[in-house]
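Novice: predicted structure and sequence below. I'll ask about it afterward.
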Amino acid sequence: MGSRGAFVDVKAGDFSFNAGGQHYKTVGILTSNPKVRIIIQDSNRVKAPEYSHTPGVIYAVVKDGMLKHLAYYDEKRDQAVLIDLAHTHDHVQPHRHEYMRHNKKDPGVPPTAEEQKLIQQIKKEFQLK
């Protein structure tokens, strides 16, 4: 899978890769929920993909054995919700962003109880920090 410049044209359904785009590798699927896929990206900066090849999927982005992001995708394959576990936002960690809106002046919003439960399931099953 790939994103952030890796796909040629997501909206037109062209999922071939651009040279130089960021690429991700699926390393597992959550046993209790096959829509949750564990992915890694072997680069210095790790960002969740902006688009998904599969609508309605949730990607758990891992770097160096640590869960960095939980990204939810809608039926149009766009990132709908991003939960960031790697840094604080307005003194909240983890925090969530909706619909790719990421304004540093927005208040930090903690994940829902359901999202927190999913984070813990992923960390436990895949032995992540």
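Specialist: Okay, I see it. Being a predicted model, the structure only gives us computed values, none of them experimental.

Novice: contact partners for the most centrally placed residue in the chain?
Specialist: By C-alpha atoms, centre = their mean, the mean C-alpha position of the chain lies nearest to residue 71, the distance being 3.0 Å. Contacts for residue 71 (C-beta atoms under 8 Å, 6 or more residues apart in numbering) come out as 48-49, 58-59, 61, 79, 81-83. (Each C-beta comes from the backbone N, C-alpha and C, glycine too.)

Novice: just after the strand ranked longest in the chain, pick out the following helix or strand.
Specialist: When the chain is parsed with DSSP state E, its longest strand is strand 66-73. Next in sequence after strand 66-73, counting helices and strands by DSSP states H and E, comes strand 79-84.

Novice: run the chain-centre distance for the host helix or strand of residue 118.
Specialist: Per DSSP H and E: residue 118 is located in helix 113-125. Centre-to-centre, helix 113-125 and its host chain are 14 Å apart (C-alpha atoms, centre = their mean, to the nearest Å).

Novice: how about stretch 122-129?
Specialist: That offset, for stretch 122-129, works out to 15 Å (C-alpha atoms, centre = their mean).

Novice: next, the buried residues of it.
Specialist: 122, 125, 128 (16 or more other C-beta atoms under 10 Å).

Novice: and stretch 52-70, which residues are buried?
Specialist: Those would be 52, 57-63, 67-70, for stretch 52-70 by 16+ other C-beta under 10 Å.

Novice: pLDDT of it, averaged?
Specialist: Stretch 52-70 shows a mean pLDDT of 91.

Novice: and it, how far apart are its ends?
Specialist: 13 Å (C-alpha to C-alpha, to the nearest Å).

Novice: got any ranges where this structure has weak pLDDT?
Specialist: Applying pLDDT under 70 to the chain flags the ranges 1-23, 42-45, 99-104.

Novice: can you map out the strands along it?
Specialist: 2-3, 7-9, 14-17, 22-23, 25-29, 36-40, 58-63, 66-73, 79-84, 95-98.

Novice: which other helices and strands does the fifth one contact?
Specialist: Counting contacts by 3 or more C-beta pairs under 8 Å, 6 or more residues apart in numbering; DSSP states H and E, strand 25-29 is packed against strand 36-40.
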